[in-house]
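Chemist: Just the structure for this:
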Amino acid sequence: MKALIIGGAGFVGVYLIRELAAAGYETHATCLPSEKIESGDCSVHTLDILEKDSVTELFRSISPDAVFHLAAQSSVAVSWKKPQLTADINVIGSINVLEAMRECGKSMRLILIGSGEEYGFIREGACPLSEEETLRPGNIYAATKACQGMLGEIYSRAYKLDIIMVRAFNHSGPGQLPMFVISDFCRQIAEIEMGDRTAEMSVGNLSAMRDFTDVRDVVRAYRMLAEKGVSGRTYNVGRGKAVAVKEILDTALEMSEKEITVTQDPSRMRASDIPIIEPDVTRIFADTGWKAEISMRQTIEDTLNYWRENL
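Modeler: Sure, this is the predicted structure:
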């Protein structure tokens, strides 16, 4: 099997390269000219998905069996500041990928990676969220990802293309940027242990409940969807069990080598935080047998050790 990862230089891309290589795939991955992919497990190609002809040419030259579309502007904060850039990359870029697939004429499977953010303003009692739940995006990033998914459905139906849509919920692990909660907590603890900051942690809303999955489980889900998923379907990818952010914090603090005081920082609080976001993962389990295997505790421990070693 030959796989192409579009956007392989990011946090998830690095793990997906390892997952596919370990499963015996001939793996190709793309990155922007300003990025690097340092891996002996794949062939690296420079690509900007906003250059349609370049996308089509790459598809034709590699002729992959499976394509994983990870390239995106994935920051909610950036999407508010740069809405046009977000729309260009997430919508126009995805159209270029879909058009390249259509024009190549070769049988291949495309995995379009979306986000649990697409569900947006969740109605009371809707959790766990099934894939049939109405989308109510609450930010520009979420709206562009919802659009990407709808485009995937249209191309799959209109052109009989083999496309699978994914809505991935929170995922974390070693190497993730500290703008995400588990990585943020673990980095703060590691800095305190090293004496780089006072023994005080700043946190946001601890009562919000979210679904967290280890990135290594998530990329395994992507591979299994490429192998066993049903064409034209949308799949939630997550643990299927939301936990309070406070539980994550308490677990991380248990692993700390120092006593730490916790203070809530008003600047980290969101004006309207949805109390609980939890996916129904019945469909992916039924179609592929996938389920999350790595415990949240293990994810936190591995992430904390990452920061201890890399600060």
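Chemist: where do the helices sit along the chain?
Modeler: Secondary structure of the chain by DSSP state H: the helices cover 11-22, 52-62, 76-81, 83-87, 93-104, 140-159, 181-193, 215-228, 245-254, 282-288, 296-310.
Chemist: Show me what the last one packs onto, helices and strands only.
Modeler: Using 3 or more CB pairs under 8 Å, 6 or more residues apart in numbering; DSSP states H and E, the elements in contact with helix 296-310 are helix 181-193, strand 213-214, helix 245-254. In short, each C-beta sits where N, CA and C put it, glycine included.
Chemist: Need those in CSV (columns: mean pLDDT, mean neighbour count and distance to Gly238).
Modeler: Below are these laid out as CSV (pLDDT from 0 to 100; neighbours: other CB atoms under 10 Å; distance: least, CB to CB, whole Å):
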stretch, mean pLDDT, mean neighbour count, distance to Gly238
helix 181-193, 97, 22, 14
strand 213-214, 98, 26, 5
helix 245-254, 97, 17, 15
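Chemist: Which one, of these, ends up nearest to Arg233?
Modeler: strand 213-214 (19.3 Å; CB to CB).
Chemist: residues in contact with that closest one?
Modeler: The contact list for strand 213-214, computed with CB atoms under 8 Å, 6 or more residues apart in numbering, reads 169-173, 237-239, 292, 294, 296, 298-299.
Chemist: Against Leu304, how distant is the closest residue to Ala252 other than its chain neighbours?
Modeler: Computed as CB to CB, 6 or more residues apart in numbering, the closest residue to Ala252 that is not its neighbour in sequence is Phe185, at 4.7 Å. Between Phe185 and Leu304 the computed distance is 8 Å (CB to CB, to the nearest Å).
Chemist: Identify the contacts common to the two.
Modeler: Joint contacts of Phe185 and Leu304 (CB under 8 Å, 6+ apart) are Ala252.
Chemist: what residues are up against the spatially closest residue to Ser256 that is not a sequence neighbour?
Modeler: In this structure, Ser256 finds its nearest non-sequential neighbour in Ile189, 4.9 Å apart by CB to CB, 6+ apart. Counting by CB under 8 Å, 6+ apart, Ile189 makes contact with Met201, Ala252, Leu253, Met255, Ser256, Ile260, Leu304, Trp307.
Chemist: Could you check how far the fourth one is from Asp211?
Modeler: Yep, that's Met255 we're talking about. 22 Å.
Chemist: try the first one
Modeler: Here the criterion is CB to CB. By it, Met201 lies 23 Å from Asp211.
Chemist: Which residue of those two possesses the greater neighbour count?
Modeler: Applying other CB atoms under 10 Å to Met201 and Asp211 shows that Asp211 carries more neighbours, namely 25 against 22.
Chemist: That one and Ala244 touch, don't they?
Modeler: No. Asp211 lies out of contact with Ala244 (CB atoms under 8 Å); the separation is 11.5 Å.
Chemist: Just want the most central residue of this structure.
Modeler: Ala168 (5.6 Å; CA atoms, centre = their mean).
Chemist: okay, it: pLDDT?
Modeler: We have a pLDDT of 98 for Ala168.
Chemist: Tell me what it is bridged to.
Modeler: Ser115, Val237 (DSSP bridges).
Chemist: tell me the contacts of it?
Modeler: Ile113, Gly114, Ser115, Gly116, Val218, Val237, Gly238.
Chemist: and the gap between it and Val281?
Modeler: For Ala168, the distance to Val281 - CB to CB - is 11 Å.
Chemist: Kindly report the same for Leu110.
Modeler: For Leu110, the distance to Val281 - CB to CB - is 21 Å.
Chemist: And for Asp53?
Modeler: On the measure of CB to CB, Asp53 and Val281 end up 38 Å apart.
Chemist: So which of those two has more stuff around it?
Modeler: Val281 (26 against 9).
Chemist: how about the nearest residue to that one, chain neighbours excluded?
Modeler: Here the residue nearest Val281, using CB to CB, 6+ apart, is Gly240, at 4.1 Å.
Chemist: Report how many residues lie close to the one you found.
Modeler: 19.
Chemist: Quick check: it vs Glu193, distance?
Modeler: Counting by CB to CB, the gap from Gly240 to Glu193 is 33 Å.
Chemist: and if you look at Ser156?
Modeler: For Ser156, the distance to Glu193 - CB to CB - is 50 Å.
Chemist: got it, and Lys81?
Modeler: Distance from Lys81 to Glu193, by CB to CB: 34 Å.
Chemist: what residues are shared contacts of Ala168 and Val281?
Modeler: What both Ala168 and Val281 touch, as defined by CB under 8 Å, 6+ apart, is the set Val237, Gly238.
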